[in-house]
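J.: Sequence first, then the predicted structure:
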Amino acid sequence: MSSCFHAPPSSSAHASDDIDFVALFHAVWQKKKLILAASIGAGLVAALYAYSVIPEYEVGSVLRPAAINELDALNRSEIYQLPPGDALTRVGASLESYDTRLSFFRSNQKLFQKFERPGRTLEQSFEEFNRNSIGLVLPDPKVQNALSPFIKIEMRYPQGVDGVAILNGFVDYAIAVEREQIAADLNVIVRNRLSELKGKLGSARSSYDIGKEAKIAALRESDNLRRAQLQDELKALRAQLKALRADRIAQLSEAIVIAKTLGIRKPSTPSSLGDPDRGSSSGLMRTEINNQQIPLYFMGVEALEAERSVLAQRKSDDFTEGRIAQIAKELQLLQSNREIEVLSRRENEDIFLGGVESLRAEEVRLSSLNVDMSRLKLVTIDKRALEPLGPIKPKKVLIIATGLILGLLAGLVVSVVLHLLKKTAGNSRDRHGISSFSSAERQLPDLPSPRTLHKVIK
């Protein structure tokens, strides 16, 4: 007969799977010394680290655009325009320039002795400083700044380094470098402008010289042409006068022949030619009025021969023509051209150059241009670097507090782990006891049920 008896399930088996927070708290509380020791130990380690690390400090300087009047002398030069915003940008670019930083590093090596390491070159030491120590902070272009723009330069440095002197010196050095660069640019521009003006003046002078030579050549050509024309005219006039004289002599010779034939020795008239008493009345003078020209032979042989003799002996006919005297006058005037002489005798020919007044004025202005670059203020140093009140690294209080918290958490974790391990070992022992009891129960004989026993008794 089989038994109907079964052992009820143990409640401890279900309880082992749940966390007993009360028991856990008691177990942790029992380990409070361990937790406290772990927290204090971690805090001591953190404190040791915090006080052994070399402190790092941070300084900064803020630059803003200069006032308009600070750059007025440069901008009024009319050859170099530099608005305040552009000046700030140029100084910022100089602050960011690797070459500017390296030049400042080389010229101020005493300030950077802490950055030097054995076995490193100067450039390698500078590279470490440039990469880790100094940086620019620019305004976010996406954020509309209602105030003026700015450039902020920050520097981090370890204890023992004069960071304030380095940063302020570097800012002043960058401004001085940019000022020198602007002065050099200004000088180059002025020299180029002066060279350009000299070229233009030289071109105007060459043009003037060519024009003057062309004018002199034109005047001489005109004089030569006029002289040739007058000489031709004079030659033609003389030939004409000679021909007229020859014609006159021929006419006189012909008239003499006629007068001899007519027996006219003295000047006579046509009416007296038929007078039978004309020979005896030599003292008689006759006057005849008519509208016809009297032939030349009526002048008589004596007068005609006398005129012919004089004409034959004449060497020049110039006095007979007034134009010849005028031509001689003009030829005399053409011997020397006073305008050419005046043009050739000019000493200061630059005053006769046309259209160069503005060039000369600009040349004088540029030659006398004197911008005092030493007083040129490119930017406004809104905030200079000052000695920091304390280091930014290490944050000792935060490190120690973090160490205490981490030690506390480590102690809690260790306490919980120990409690769980102990509890797991106890549950393993309880399960082993229940398994032994079940085996013993299986070895007992089956007992009759109560209803069966009641029937047997009856």
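T.: Right, received. Where do you want to start?

J.: What residues does residue 337 make contact with?
T.: 219, 220, 223 (Cβ atoms under 8 Å, 6 or more residues apart in numbering). C-beta here means a position set from N, CA and C on the backbone, and glycine is covered the same way.

J.: Assign the first one to one of the three secondary structure states.
T.: Yep, that's residue 219 we're talking about. Assigned with DSSP: H, G, I helix; E, B strand; the rest coil, residue 219 falls in the helix class.

J.: now that we have the contacts of residue 337, which one has the most neighbours?
T.: Most neighbours among the contacts of residue 337, by other Cβ atoms under 10 Å: residue 223, with 17 neighbours.

J.: what about this structure, any weak spots by pLDDT?
T.: The chain contains residues with pLDDT under 70 at 1-20, 141-148, 273-292, 426-427, 429-458.

J.: in the protein, which strand has the most residues?
T.: strand 56-65 (DSSP state E).

J.: buried ones in the host helix or strand of residue 332?
T.: In the assignment (DSSP states H and E), residue 332 maps to helix 322-333. Using 16 or more other Cβ atoms under 10 Å as the test for burial, helix 322-333 gives 324, 327.

J.: so after that helix, what's the next helix or strand?
T.: Next along from helix 322-333, by DSSP H and E: helix 338-344.

J.: Show me which residues of the very next helix or strand once past that next one are buried.
T.: Reading on from helix 338-344 to the C-terminus, the next helix or strand found by DSSP H and E is helix 357-367. Within helix 357-367, the residues that count as buried by 16+ other Cβ under 10 Å are 359, 362, 363, 366.

J.: Would you mind putting those into CSV with distance to residue 299 alongside?
T.: Formatted as CSV, the buried residues of helix 357-367 follow (distance: Cβ to Cβ, whole Å):
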residue, distance to residue 299
359, 81
362, 86
363, 84
366, 90
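
J.: where along the stretch 351-458 of the chain do the strands fall?
T.: Per DSSP state E, counting those that start in this stretch, the stretch 351-458 of the chain carries strands over the ranges 379-383.

J.: Between strand 379-383 and the longest strand of the chain, find me the angle.
T.: Here strand 56-65 points in a direction 140 degrees away from that of strand 379-383 (axes from the mean of the first three to the mean of the last three Cα atoms, to 10 degrees).

J.: packing partners for strand 56-65?
T.: When contacts are defined as 3 or more Cβ pairs under 8 Å, 6 or more residues apart in numbering; DSSP states H and E, strand 56-65 sits against helix 84-96, strand 151-158, helix 163-262, strand 379-383.

J.: Work out the gap between the helix or strand following it and the centre of the chain.
T.: As assigned by DSSP H and E, the chain's next helix or strand after strand 56-65 is helix 72-75. Distance, stretch centre to chain centre, for helix 72-75: 15 Å (Cα atoms, centre = their mean, to the nearest Å).

J.: Could you export helix 72-75 as CSV, CA atoms only?
T.: What follows is helix 72-75, C-alpha atoms only, in CSV (Å, rounded to 0.1, in the frame of the first residue of the first chain):
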residue,chain,number,x,y,z
ASP,A,72,42.8,108.3,-38.7
ALA,A,73,46.4,109.3,-39.5
LEU,A,74,46.9,106.1,-41.5
ASN,A,75,43.5,106.2,-43.3
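
J.: That helix packs against which elements?
T.: For helix 72-75, there is no helix or strand it packs on, judged by 3+ Cβ pairs under 8 Å, 6+ apart.

J.: Would you mark the buried spots in that helix?
T.: Judged by neighbour count (16+ other Cβ under 10 Å), helix 72-75 contains these buried residues: residue 74.

J.: Same check on stretch 242-253?
T.: Quick answer for stretch 242-253 (16+ other Cβ under 10 Å): 249, 252.

J.: For residue 385, grab the count of nearby residues.
T.: Residue neighbour count, defined by other Cβ under 10 Å, stands at 23 for residue 385.

J.: ok, the buried residues of helix 357-367 vs residue 43, which is closest?
T.: Of all those, residue 366 has the smallest distance to residue 43: 74.3 Å, by Cβ to Cβ.

J.: What separation is there between the closest one and residue 226?
T.: Taking Cβ to Cβ, to the nearest Å as the measure, residue 366 and residue 226 are separated by 49 Å.

J.: can you pull the contacts of residue 150?
T.: Counting by Cβ under 8 Å, 6+ apart, residue 150 makes contact with 62, 63, 64, 139, 382.

J.: Dig out what the third one forms beta bridges with.
T.: Per DSSP bridges, the residues bridged to residue 64 are residue 380.

J.: I'd guessed it sits against residue 383; true?
T.: No: if you go by Cβ atoms under 8 Å, residue 64 and residue 383 don't touch, sitting 9.1 Å apart.

J.: More neighbours: which of those two?
T.: residue 64 (18 against 12).

J.: Just the helices from the stretch 1-150 of the chain, written as ranges.
T.: For the stretch 1-150 of the chain, the helices defined by DSSP state H, counting those that start in this stretch occupy 11-17, 21-30, 32-52, 72-75, 84-96, 98-107, 122-132.

J.: contacting residues around the longest one?
T.: The reference is to helix 32-52. Residues contacting helix 32-52 (Cβ under 8 Å, 6+ apart): 28, 394-396, 399-400, 402-408, 410-412, 414-415.

J.: Remind me what the helix holding residue 332 packs against, helices and strands.
T.: Judged by 3+ Cβ pairs under 8 Å, 6+ apart, helix 322-333 is in contact with helix 163-262.

J.: now the angle between helix 322-333 and the helix it packs on, please.
T.: Inter-element angle recorded for helix 163-262 and helix 322-333: 150 degrees (by the same axes, to 10 degrees).

J.: how about the helix or strand following helix 163-262: buried residues?
T.: For helix 163-262, the succeeding helix or strand toward the C-terminus, using DSSP H and E, is helix 301-313. Within helix 301-313, the residues scored as buried using 16+ other Cβ under 10 Å are 301, 303, 304, 305, 307, 308.

J.: same deal with stretch 178-192?
T.: Judged by neighbour count using 16+ other Cβ under 10 Å, the buried positions of stretch 178-192 are 178, 179, 182, 183, 186, 190.

J.: Great, nothing more from me.
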